[in-house]
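# pasting the structure only:
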């Protein structure tokens, strides 16, 4: 699933040199994958101390810690006033149901959302690709303004 998702992002030209946000980071696997595929920097956000400890250890193991920052914060709270990103990786718990609000304040051009169901972004976003992998649905979305800019 992760390999297929990142292959799709690569074909869209969205990884190389990107500033990445790994929101609800957990172990940091998604952000670390982006860094290993050429992203310039990754910001990992998780409010769980054990998750942040795992991210730190995984970054050290992969020797990618110089290209990353780990933030202790609740996801939605972090987004208010956060910097902008090229790519946001969103893998909240499957019980998460505040997608519209999340997309409304998400400071990113493109987003990858993982859920147990199809994710419908709010107005201003378009679904570029949606795939089901067993019980997980991966939805890649892009800001509509960015779609219009690239087509003109």
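Thanks, I have it. All figures in this text were calculated on a predicted structure; none of them were measured in a lab.

# use CA for all of it now, contacts and neighbours both
OK.

# how far away is the most centrally placed residue in the chain from residue 144?
In the chain, the residue lying closest to the centroid (Cα atoms, centre = their mean) is residue 89, at 0.9 Å. Counting by Cα to Cα, to the nearest Å, the separation of residue 89 from residue 144 is 18 Å.

# endpoints of stretch 5-24, how far apart?
End-to-end distance for stretch 5-24, by Cα to Cα: 17 Å.

# element containing residue 55?
helix 49-62 (DSSP states H and E).

# I'd like to know the average pLDDT value across that helix.
Helix 49-62 shows an average pLDDT of 98 in the prediction.

# distance from it to the middle of the chain?
Centre-to-centre, helix 49-62 and its host chain are 17 Å apart (Cα atoms, centre = their mean, to the nearest Å).

# beyond it, next helix or strand please.
Going down the chain from helix 49-62, the next helix or strand is strand 68-72, by DSSP H and E.

# tell me which residues are up against that next one.
With Cα atoms under 8 Å, 6 or more residues apart in numbering as the test, strand 68-72 has contacts from 41-49, 52, 55-56, 59.
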